[in-house]
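Novice: sequence first, predicted coordinates after that:
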Amino acid sequence: MMIRNKNIGFLRSVLFFISWSLAFACTNQKSLEEQAQHDVALFEKVVTDVTEAYVMPSSVVFLKDMRALNVAVDKLISLRNEDALNTVKLAWVETYFTWQMISLLDFGPAEELMLADLVGKFPVDPSAVVPDDNNRLLAEEKGLMAVEYMIFSATTEETLQEVRNSETFRQALLRKVAEMNELSTQYQLKWQSYQSNFANQTGVEEDQSVSQLVSAAIKTISLMNGKKLGRPMGIGGGEVDFELIEGTYSGESMSALRLQWAFWKGLWKGEINVKDYEMVFSGLGEIIGEGEQRQQLVEKMAEVDVLFAQVNLKDMRKAITYFPEEMQALQTALEEMEVLTLSLPSSMGIAVN
């Protein structure tokens, strides 16, 4: 009899546990569904804001600057004087600065058009910039850095001599700029078609919008502290090599890195106010929330800002030469920022490639 009572007690315990488990599962499922709904709304808000305030306006500026560069080169080929060359140089610098904003978005249309290779490739091989009898067009360097080499690497008089006397030089310059002009046109058109689809991809998988933005941000901060800064400085056992610097011939390399940092930071904070760019939107940082990682991100950003301010030069060659310790500290801080950024996707509940 006592055994039967024990069995009844045991059965009651089992039934109670099952009932409690089902109730907890239902409550937990409801909580997860509510959280998922909240995430979808937040993701949609951030993606829409970033697209409308950053992506689409930057595509317009990119196209405008590329067209201005194209017009300036046409005039240089026609006039072949110093004023026309200086106009080309100014137009190139403006386009180079805008590229720092566009290159943050290396996915979707940019990836499809291979902008990183066809517009932003660096360093370039000087021997492959202007084709000759031994250099087939298939091996020709393209993009902004190839054009930079053509208009900045020699003296003004030497460059003008090339413009005046070399049909090969003129055609190479025209061809490179025309190709980038066409790419900028296609880039804007593709984003116009891609925009609505991008805004609706509010999931957490690798191919969804927030994941693509965060993946691109991780790739960019890695590029900044590694290829753009670490390699020219000889970090990791190499030697200082100014030819590895992006934008080395123009003397605007440090300005461009500082500008790209401002765009990168703004993409997380949702506010950009630098040069001619003023944008306010819901940044990626909103998805992180207000916890410890958000605070770490903000503090590291402030640290990098201070280090950039300590090296207030346009030319990275001069910065490395005259401020080696400060540049080392900047590279280290950007490397630490990369490590921190790599930890953010898990906090945001997203997968990245």
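Specialist: Alright, I've got the coordinates. Numbers count the residues shown, from 1 in each chain.
Novice: state the helix or strand in which Met66 lies.
Specialist: Using DSSP states H and E, Met66 maps to helix 56-79.
Novice: surely Leu105 and Ala216 touch.
Specialist: Yes - using C-beta atoms under 8 Å, Leu105 is in contact with Ala216, at 6.0 Å. The C-beta positions use only the backbone N, C-alpha and C, and glycine is treated the same way.
Novice: relative to Val55, how far out is Trp264?
Specialist: Counting by C-beta to C-beta, to the nearest Å, the gap from Trp264 to Val55 is 14 Å.
Novice: can you check Glu205 too?
Specialist: 20 Å.
Novice: now Arg175
Specialist: 29 Å.
Novice: the closest residue in space to Lys75 that isn't next to it in sequence: what's it in contact with?
Specialist: Spatial nearest neighbour of Lys75, chain neighbours left out: Ala84 (5.1 Å); criterion: C-beta to C-beta, 6 or more residues apart in numbering. Shown in contact with Ala84 (C-beta atoms under 8 Å, 6 or more residues apart in numbering): 72, 75-76, 78.
Novice: Glu278 should be in a strand, yeah?
Specialist: Yes - assigned with DSSP: H, G, I helix; E, B strand; the rest coil, Glu278 falls within a strand.
Novice: wait, isn't it in contact with Ile272?
Specialist: Yes - counting by C-beta under 8 Å, Ile272 is a contact partner of Glu278 at 6.9 Å.
Novice: who has more neighbours out of these two?
Specialist: Neighbour totals were compared for Glu278 and Ile272, and Ile272 leads with 21 against 10 (other C-beta atoms under 10 Å).
Novice: tell me the phi and psi of the nearest residue to that one once chain neighbours are set aside?
Specialist: Closest residue to Ile272 apart from its sequence neighbours, by C-beta to C-beta, 6+ apart: Gly266 at 3.4 Å. Per-residue torsions, Gly266: phi -60, psi -30 (degrees, to the nearest 10).
Novice: ok now do Gly266, which residues does it touch?
Specialist: 54, 272, 274, 279, 283.
Novice: if we can go back for a sec, what comes up buried for the next helix or strand along the chain from the helix holding Met66?
Specialist: Going down the chain from helix 56-79, the next helix or strand is helix 82-102, by DSSP H and E. Neighbour-count burial for helix 82-102 flags 84-85, 87-89, 91-102 (criterion: 16 or more other C-beta atoms under 10 Å).
Novice: mean confidence score for helix 82-102?
Specialist: Averaging pLDDT along helix 82-102 gives 98.
Novice: how about residues contacting stretch 63-82?
Specialist: Contacts with stretch 63-82, where a contact means C-beta under 8 Å, 6+ apart, come from 84-85, 87-88, 90-92, 94-95, 98, 147, 156, 160, 163-164, 170, 173-174, 177-178, 180-181, 183-185, 187-188.
Novice: how about a cut-off of 7 Å?
Specialist: Applying C-beta atoms under 7 Å, 6 or more residues apart in numbering, the contact partners of stretch 63-82 are 84-85, 87-88, 91-92, 94-95, 98, 156, 160, 163-164, 170, 173-174, 177-178, 180-181, 184-185, 188.
Novice: run the chain-centre distance for that stretch.
Specialist: Here stretch 63-82 is found 27 Å from its chain centre; the criterion is C-alpha atoms, centre = their mean, to the nearest Å.
Novice: and what of stretch 99-118?
Specialist: 8 Å.
Novice: buried residues in that stretch?
Specialist: 99-110, 113, 115-116.
Novice: pick out whichever of these sits closest to Gln260.
Specialist: Nearest to Gln260 among the buried residues of stretch 99-118, counting by C-beta to C-beta, is Gln100 at 3.9 Å.
Novice: wouldn't that closest one be in contact with Gln260 here?
Specialist: Yes - taking contacts as C-beta atoms under 7 Å, Gln100 lies within contact range of Gln260: 3.9 Å.
Novice: in strands, which of the contacts of Gly266 fall?
Specialist: Within those, residues falling in strands by DSSP state E are 272, 274, 279.
Novice: between these, which is nearest Ala256?
Specialist: Closest to Ala256, out of all of the ones in strands among the contacts of Gly266 and judged by C-beta to C-beta, is Val274, at 12.1 Å.
Novice: quick one: which helix or strand includes the closest residue to that closest one other than its chain neighbours?
Specialist: Spatial nearest neighbour of Val274, chain neighbours left out: Ala262 (4.3 Å); criterion: C-beta to C-beta, 6+ apart. If you go by DSSP H and E, Ala262 is part of helix 253-269.
Novice: can I get that helix in CSV, CA atoms only?
Specialist: What follows is helix 253-269, C-alpha atoms only, in CSV (Å, rounded to 0.1, in the frame of the first residue of the first chain):
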residue,chain,number,x,y,z
SER,A,253,46.9,59.6,-47.6
MET,A,254,46.5,60.5,-43.9
SER,A,255,43.6,62.8,-44.7
ALA,A,256,41.9,60.0,-46.5
LEU,A,257,42.5,57.5,-43.6
ARG,A,258,41.2,60.1,-41.1
LEU,A,259,38.1,60.6,-43.3
GLN,A,260,37.4,56.9,-43.6
TRP,A,261,37.7,56.5,-39.9
ALA,A,262,35.1,59.3,-39.5
PHE,A,263,32.7,57.5,-41.9
TRP,A,264,33.3,54.1,-40.2
LYS,A,265,32.6,55.6,-36.7
GLY,A,266,29.6,57.4,-38.0
LEU,A,267,28.1,54.2,-39.4
TRP,A,268,28.0,52.9,-35.8
LYS,A,269,27.1,56.1,-34.0
